[in-house]
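Trainee: Return atomic coordinates for the entry below.
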Amino acid sequence: MNLIVTALLAFTSVTRGQVAGPPPIVANWIGHFASADLGQMEIALQVRSDKGGLAGAIKTAHGDWRVRSITEKDGAYTIAFETPEGAGTMTGRIKEPSFTGQFQNPMTKGSFELVRSKKPV
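Mentor: Numbering: from 1, shown residues only. So this is what the prediction gives:
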């Protein structure tokens, strides 16, 4: 009996790993940053799987910002990025189809609201 239970547990672990797929952050996102002092700025975020990790880019009306890292802790994603003025971060949670949270960069801080897009960004 123990052998059957062990085999079933091993099979379940393997099949769970096979259907897991990419993390939910991997997608094209569109939306905006909003701050009290600068108002709203439209952005697009692209996140892709890359060499066992995550990579991405942020497109804004002020140019493209390089994503330095994307990390996840307890369901919250933190995206570190570079603007011409310096480093920034955005940290938020995904509640399908939205990715929302807080951001900060050298110019301002505020909130962001993004939705999953089927179109390339």
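Trainee: residues contacting the residue nearest to the spatial centre of the chain?
Mentor: By Cα atoms, centre = their mean, the mean C-alpha position of the chain lies nearest to residue 25, the distance being 4.0 Å. Residue 25 sits next to 47, 54, 70, 72, 77, 94, 99 when contact means Cβ atoms under 8 Å, 6 or more residues apart in numbering. Where you see a C-beta, it was placed from the backbone N, CA and C, and this is true even at glycine.
Trainee: PyMOL command to pick out the buried ones of the residues you listed?
Mentor: The buried residues among the contacts of residue 25 can be selected in PyMOL (16 or more other Cβ atoms under 10 Å) with this line:
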select buried, resi 47+54+70+77+94+99
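Trainee: what's the closest of the contacts of residue 25 to residue 35?
Mentor: When those are compared for distance to residue 35 (Cβ to Cβ), residue 99 comes out closest, at 17.6 Å.
Trainee: List the buried residues in stretch 47-59.
Mentor: Of the residues in stretch 47-59, those buried (16+ other Cβ under 10 Å) are 47, 54, 55, 56, 58.
Trainee: Name the nearest of the contacts of residue 25 relative to residue 32.
Mentor: Using Cβ to Cβ, residue 99 comes nearest to residue 32 of these, at 12.0 Å.
Trainee: Verify the stated contact: the closest one with residue 29.
Mentor: Yes - contact criterion Cβ atoms under 8 Å: residue 99 and residue 29 qualify, at 5.7 Å.
Trainee: Residues in contact with both of the two, list them for me.
Mentor: Counting by Cβ under 8 Å, 6+ apart, the contacts common to residue 99 and residue 29 are 45, 114, 115, 116.
Trainee: Inside strands: which ones of those?
Mentor: Counting by DSSP state E, the shared contacts of residue 99 and residue 29 place 45, 114, 115, 116 in strands.
Trainee: Number of residues surrounding the last one?
Mentor: Look at residue 116: counted by other Cβ atoms under 10 Å, it has 15 neighbours.
Trainee: can you check the second one too?
Mentor: Here the number of neighbours of residue 114 (other Cβ under 10 Å) works out to 23.
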